[in-house]
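Visitor: Just to be clear, the model below is a prediction. Sequence and coordinates:
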Amino acid sequence: MAMKPASYCLFETPLGACGIAWREPADSRARTVVTAVQLPEATPGATESRIARKSGANRPSLPPPEILAIAERIRRHLGGEVQDFRCVAVDLSDVGPFFRQVYEAAREIPPGQTRTYGEIAKAVGQPNAAQEVGQAMARNPVPILIPCHRVAAAGGKPGGFSAHGGRSTKSKLLALEGAPVNLHLFS
């Protein structure tokens, strides 16, 4: 399917400025797909720099209605009104088969719940690949839409989180979804 060049925009959320990048299909019968999401960085400028680099676009664009709707849902989610993003079309065409399987498994984790890297590895038929699952989570192009914050290390430990703020941000995201969070492990 032919797609137009990627575009991006910033939008405000209760946690700060986020970015979203997308591609619109050349054929109007196909769906617009999200190619990247950027959680808030230390400054809006840093957020824009990252989403621009991820998208490959030179400057922000006016988002189409479906992207505006997704941005609004992310805004609501980050404000504590939990959303289900499984139906949002994401472009994983640049992702290898193993990472794609990991992302599909992570998308099935309901809000308020977590899975371990090992549980995801087992779910994709690679029970010894927990570290590789962690690598996939660290490279997640669309955080929130693919809820990598819901994937934790074994033994109740939080594991890493590559967004600005690291484990503190992961803890906030889990808490707003109502997941049990062992806060001393996140400090």
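Guide: Great, that's in hand. Numbering: from 1, shown residues only.

Visitor: Let me see the contact set for Asp84.
Guide: By C-beta atoms under 8 Å, 6 or more residues apart in numbering, Asp84 lies in contact with Pro111. From N, CA and C alone the C-beta is placed, and that goes for glycine too.

Visitor: Gly79: how many residues sit nearby?
Guide: 12 (other C-beta atoms under 10 Å).

Visitor: Now do the phi/psi pair for the residue nearest the centre of the chain.
Guide: Residue closest to the average C-alpha location in the chain (C-alpha atoms, centre = their mean): Pro143, at 1.0 Å. Note on Pro143: its backbone torsions stand at phi -60, psi 150 [degrees, to the nearest 10].

Visitor: Report the mean per-residue pLDDT for the helix or strand hosting Glu72.
Guide: In this assignment (DSSP states H and E), Glu72 forms part of helix 65-78. The pLDDT scores in helix 65-78 average 96.

Visitor: other SSEs contacting the following helix or strand past that helix?
Guide: Once the chain leaves helix 65-78, the next helix or strand it forms, by DSSP H and E, is helix 97-107. Judged by 3 or more C-beta pairs under 8 Å, 6 or more residues apart in numbering; DSSP states H and E, helix 97-107 is in contact with helix 117-123, helix 130-138.

Visitor: Could you list every helix and strand in contact with the last one?
Guide: Helix 130-138 makes packing contacts with helix 97-107, helix 117-123, strand 151-152 when contacts are defined by 3+ C-beta pairs under 8 Å, 6+ apart.

Visitor: now for the ones you listed, which one comes closest to Thr32?
Guide: For the helices and strands packed on helix 130-138, proximity to Thr32 was assessed by C-beta to C-beta; helix 97-107 is nearest, at 18.2 Å.

Visitor: How about residues contacting that closest one?
Guide: 85-86, 92, 95, 115, 120, 123-126, 129, 132-133, 136-137, 139-140, 145-148, 150-151.

Visitor: In ChimeraX, how would I select just the buried ones from these?
Guide: Buried residues among the contacts of helix 97-107 (16 or more other C-beta atoms under 10 Å), as a ChimeraX selection:
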select :85,92,95,115,120,123,124,129,132,133,136,137,140,145,146,147,148,150,151
